[in-house]
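Trainee: Fold the following for me, if possible:
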Amino acid sequence: MTIEPSITMQELVARFPSAQRALFRRYHVGGCSSCGFRPDETLAEVCARNENLPVDEVIKTIVEAHEAESEMEVTVQQAAELVKAGKACMVDVRAREEWDAVHIEGSTFLTQEVMHELGGWPREQLIIFVCHHGVRSLDAAAYFAGHGVENAKSMKGGIDAWSCEIDPALPRYDVA
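Mentor: I've put the predicted structure just below:
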């Protein structure tokens, strides 16, 4: 997995969704309008205008973050097996409208109340966060893992992949 300094930020974030979180966490780059970047800027350009950050070090940080976050993901097949065996529960982090339109049977919608309860769930309880394509759920898993929920995972591909690979009767949808 190689990242070239000439990669645009749009391409980088598409290939490595964890890149934006890693850049903000380590260098305070990309988290707000004052430290943000344009999609057409290259990684080298972003590094140059942010205190001349060493591009090789930044690339290493992005790769390490990607690898760490990949360990937080489970496939839809793994998720289905874990839930069926009673070893995991699913928490859906999508918007209420998405949940109301379609959701995986037995999953829990993340409300404010559920969010506050998660820290008190049994430590051995594996929690698999679910969203539409696996991006918001990875954010949620990383957030909750950082706040003491040790068994937080994200379902790679989200409910869309579940609809394709596990339950084709579950309607697919596009977000406008």
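
Trainee: Listing request: residues of this structure with sub-threshold pLDDT.
Mentor: Within the chain, the segments meeting pLDDT under 70 span 1, 176.

Trainee: Quickly find the element holding the residue nearest the centre of the chain.
Mentor: Closest residue to the average C-alpha location of the chain: Leu138 at 2.0 Å, with CA atoms, centre = their mean. Leu138 is part of helix 136-146, with elements assigned from DSSP states H and E.

Trainee: That helix packs against which elements?
Mentor: On a contact count with 3 or more CB pairs under 8 Å, 6 or more residues apart in numbering; DSSP states H and E, helix 136-146 meets helix 18-27, strand 126-130, strand 152-155. From N, CA and C alone the C-beta is placed, and that goes for glycine too.

Trainee: Quick check: which of the ones you listed is nearest to Met115?
Mentor: Among those, the nearest to Met115 by CB to CB is strand 126-130 (11.3 Å).

Trainee: neighbouring strands for that closest one, and are they parallel or not?
Mentor: strand 88-92 (parallel), strand 152-155 (parallel) (DSSP bridges).

Trainee: starting at the chain centroid, how far to the first one?
Mentor: It stands for strand 88-92. Centroid separation for strand 88-92 versus its chain: 15 Å, with CA atoms, centre = their mean, to the nearest Å.

Trainee: Measure how it sits relative to helix 136-146, angle-wise.
Mentor: 120 degrees (axes from the mean of the first three to the mean of the last three CA atoms, to 10 degrees).

Trainee: about what we covered before: just send the strands paired with strand 126-130 back as TSV, with mean neighbour count too.
Mentor: Formatted as TSV, the strands paired with strand 126-130 follow (neighbours: other CB atoms under 10 Å):
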stretch	mean neighbour count
strand 88-92	21
strand 152-155	26
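
Trainee: Ok, which of these comes nearest Pro122?
Mentor: With CB to CB as the measure, strand 88-92 is the member of the strands paired with strand 126-130 nearest Pro122 (10.4 Å).
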